[in-house]
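Colleague: coords please:
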Amino acid sequence: MADFLYYVNGEFVPASQATVAAGDLGLVRGYGVFDVLRTYDRTPFALRAHLERLARSAGAINLPLPSSLDELEQLVYTTLAHNAGVEPERDVTIRLIVTGGSSAGFMLPDGPPSLLILVAPVRSVPSQHYSEGAALVTVDIPRFLPNVKSINYIPAILGQQRARAAGAVEALYCTADGVISECTTSNFFVVADGRLITPNQDVLAGVTRNITLELAADVTDVVLRPISRAELHTVDEAFITSTTKEILPIVRVDDISIGDGRPGPVTRRLADLFHACTRLPSNHYQPSLI
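Modeller: Below you'll find the model as predicted:
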């Protein structure tokens, strides 16, 4: 089977041969940002929203983008076109990475930033996680710039390792004071007393999260506020959202059973509405920034 082709600084290179310079600041200093979206029927979903978030992340760390958003958008479509013959029946994730580029002194950029666009098949989530619900574990791990999608993923990797060891799908950041923010690669929601609640501090503005909030406005009351771990004993439902997991019901956090231990009606309703969005004819759904 042919390799996917990656875009690397102006060239399309087979995935197995793609490289960056050894002195790239993304490698030697972790100076860079990224964003990930996916396709439905091989068409990018909410592409512009992901590019705008990439720009916000880059701006937050004083990293210039190598191209305008319009040019990046066209590069995404060109990259997909170059990969049209590789597993054409499968949808893909599209990962855009911007780093500080080469640095002779291994500290400050010497030239233009690096740009990579990586394509890979969407990893499927076990269907029983959607029908029966999944589990999370909480972790108290210091985080770095939570509102920036940085390539520094050490806290997330540590959290994911703990989640895997516990048989959970994700790790949920929870401070020593018991304040919950989000998961390592997902946003977190609960339903309590008929209201949808999600943290609004120290969280990444997830694109799927924003779409979910817009959809929920027609389903139930929405509250943006911190959530405490102690509250989880009393909530009725919980779920996480992300580009690849979409809306995934959660029925256990650590040793806490959520609600009646099954995916709840609000979660199921929002999941149905989200799936309808992904199947709009244009597939160009553009959520507003919340």
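Colleague: so how many other residues sit close to the nearest residue to Phe12 once chain neighbours are set aside?
Modeller: Leaving aside its sequence neighbours, Phe12 sits nearest to Leu5 (C-beta to C-beta, 6 or more residues apart in numbering; 4.5 Å). The way it works is simple: take the backbone N, C-alpha and C, and place the C-beta from them, glycine included. By other C-beta atoms under 10 Å, the residues close to Leu5 number 22.
Colleague: which phi and psi does Leu5 have?
Modeller: phi -100, psi 130 (degrees, to the nearest 10).
Colleague: just Thr212 next, same as before
Modeller: According to degrees, to the nearest 10, Thr212 has phi -60, psi -40.
Colleague: That one touches Leu270, doesn't it?
Modeller: Yes - contact status for Thr212 versus Leu270: in contact at 5.9 Å, counting by C-beta atoms under 8 Å.
Colleague: For the residue nearest to Phe12, give me its contacts.
Modeller: Phe12, Val13, Pro14, Ala15, Thr79, His82, Asn83, Val86, Val119 (C-beta atoms under 8 Å, 6 or more residues apart in numbering).
Colleague: Next one: it relative to His82, how far apart?
Modeller: Distance, Leu5 to His82, using C-beta to C-beta, to the nearest Å: 5 Å.
Colleague: thinking again about what came up before, present the contacts of Leu5 as JSON lines; the columns should include distance to Val98, secondary structure and neighbour count.
Modeller: Shown next, in JSON lines, are the contacts of Leu5 (distance: C-beta to C-beta, whole Å; DSSP: H, G, I helix; E, B strand; the rest coil; neighbours: other C-beta atoms under 10 Å):
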{"residue": "Phe12", "distance to Val98": "18", "secondary structure": "strand", "neighbour count": "15"}
{"residue": "Val13", "distance to Val98": "17", "secondary structure": "strand", "neighbour count": "15"}
{"residue": "Pro14", "distance to Val98": "21", "secondary structure": "strand", "neighbour count": "11"}
{"residue": "Ala15", "distance to Val98": "19", "secondary structure": "helix", "neighbour count": "15"}
{"residue": "Thr79", "distance to Val98": "15", "secondary structure": "helix", "neighbour count": "20"}
{"residue": "His82", "distance to Val98": "20", "secondary structure": "helix", "neighbour count": "16"}
{"residue": "Asn83", "distance to Val98": "20", "secondary structure": "coil", "neighbour count": "23"}
{"residue": "Val86", "distance to Val98": "24", "secondary structure": "coil", "neighbour count": "16"}
{"residue": "Val119", "distance to Val98": "16", "secondary structure": "strand", "neighbour count": "21"}
